[in-house]
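Colleague: need the 3D shape of this:
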Amino acid sequence: MDNPNAFKNKINAEVARKIAIGISRHYPSFNSKKFLLLIKDLDQLELKARVLLITRHLRLNLEHDYPEAVAILVKVMEESDLQGFELWPFSEYISQFGLEHFDLSMKAMYLLTQKFTSEFAVRPFLLKNHKKVLKYFDKWANDKNVHIRRWVSEGSRPLLPWGQSIPLFIMDPTHTLLLLDKLKFDQELYVRKSVANHLNDISKNHPQVVIEVLRLWEKNVPTEHIEKILWIKRHALRTLIKKGHSGALKLMGVEGKAKVVIKKLACLKDSYHLHDELIFSFDLESKAKTSQKLIIDYIIDFVKANGKLGKKVYKLKTLELEAGERVTISKKHSLKPITTMKYYSGTHHLLIQINGEMMGQITFYLEV
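Modeller: As a prediction, the model looks like this:
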């Protein structure tokens, strides 16, 4: 039985009706009855397919002159109670049909972003004319609306998840660094989180660029903004830290290998089922003569569909361990199914990584 709370149901028959009512107010010749024929096909589709279906029917039933059509959609957007994901078909409409009306589409996305998001819709525009988009973004980095400022960073990410990648920005990250520089002290964490994610994208191909940017930001930061930069630094370097990148570790205050030993690493049980919590613990004992900063991650080697193992790295703890100090660390890891990962039965490996170095390993069995 279909889950009525499934995310795909955010786009439903009622949303289609609300769109039809809104358009009819500003476009009296709109054939709502013909448009709403799409409802019979909605339930059998997943989320993105539902959005594309509504977008296609907008194209078929709305004014084919794009400037007139987008003007109608903007009025509907401003005056109706459509909100959030209900506006995704409008975003998709602009993305698919607005490239030949660049400035008009950018302004429409500016309005849309204040109610939904245009981080995906703007990608084709970046691919067509990145300089023109970046000129808008440079101006909008100072916008009073937090959603617009966040869009400037999120929309221009080189490797936006579920979005089109921007090959030019992947090859040359300098195109967007000035935007991030403008946003790094933003008062809203919502914006600064996007800045950190953007830098994390860049770090996957240009680690040294990110390290140098963060080093300069930290060196020149006014006192009142120190915590903002430290937060961005921790989150922007997360991929490099998980990989044990020495430059990233050094920027985080970690000098060299950890002088520690791991003892009593164990899982609470030897065997687990889906929906269980994997519970493990270990003792960590310092062998250093002075205090040392430790960045501790754990890695699970999951069994894949082909029977081979695939690593996923998770943050565990960052701490200062005094000379000779011994601490016990424990963790609960949910084995609840998630949409982004499929579990398979078999022997899995649990590893502990400290300052980029593997220092302990055990196994457990997962029954699916």
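Colleague: ok, Leu36 - contacts?
Modeller: Residues counted as contacts of Leu36 (CB atoms under 8 Å, 6 or more residues apart in numbering) are 16-17, 20. For every residue, glycine as well, the C-beta is placed using N, CA and C.
Colleague: in a strand, it, correct?
Modeller: No: if the criterion is DSSP: H, G, I helix; E, B strand; the rest coil, then Leu36 is helix and not within a strand.
Colleague: what packs against the strand or helix carrying Leu366?
Modeller: Leu366 belongs to strand 357-367 when assigned by DSSP states H and E. On a contact count with 3 or more CB pairs under 8 Å, 6 or more residues apart in numbering; DSSP states H and E, strand 357-367 meets strand 260-267, strand 271-273, strand 277-286, strand 346-354.
Colleague: count of neighbours near the residue nearest to Leu177 when sequence neighbours are not counted?
Modeller: Distances taken as CB to CB, 6 or more residues apart in numbering place Val213 nearest to Leu177, at 6.4 Å, with adjacent residues excluded. Here the count is done by other CB atoms under 10 Å, and Val213 has 22 residues near it.
Colleague: low pLDDT regions in the protein?
Modeller: By pLDDT under 70, the low-scoring segments of the chain are 1-4.
Colleague: where along the stretch 101-250 of the chain do the helices fall?
Modeller: Assigned by DSSP state H, counting those that start in this stretch, the helices in the stretch 101-250 of the chain fall at 102-113, 123-140, 146-154, 167-171, 174-183, 189-203, 207-220, 226-236, 238-242, 246-251.
Colleague: make JSON lines out of the ones you listed and add distance to Ile94.
Modeller: Listed next are the helices of the stretch 101-250 of the chain as JSON lines, based on distance: least, CB to CB, whole Å:
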{"stretch": "helix 102-113", "distance to Ile94": "5"}
{"stretch": "helix 123-140", "distance to Ile94": "9"}
{"stretch": "helix 146-154", "distance to Ile94": "13"}
{"stretch": "helix 167-171", "distance to Ile94": "21"}
{"stretch": "helix 174-183", "distance to Ile94": "21"}
{"stretch": "helix 189-203", "distance to Ile94": "21"}
{"stretch": "helix 207-220", "distance to Ile94": "32"}
{"stretch": "helix 226-236", "distance to Ile94": "30"}
{"stretch": "helix 238-242", "distance to Ile94": "32"}
{"stretch": "helix 246-251", "distance to Ile94": "38"}
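Colleague: of those, which stretch is the most buried?
Modeller: Ranked by mean neighbour count under mean count of other CB atoms under 10 Å, the helices of the stretch 101-250 of the chain are led by helix 146-154, which reaches a mean of 24.
Colleague: and for that helix, what are the contacting residues?
Modeller: 110, 113-114, 117-119, 122, 137, 140-143, 160, 176, 179-180, 183, 186, 188, 190-191, 194-195, 197-198.
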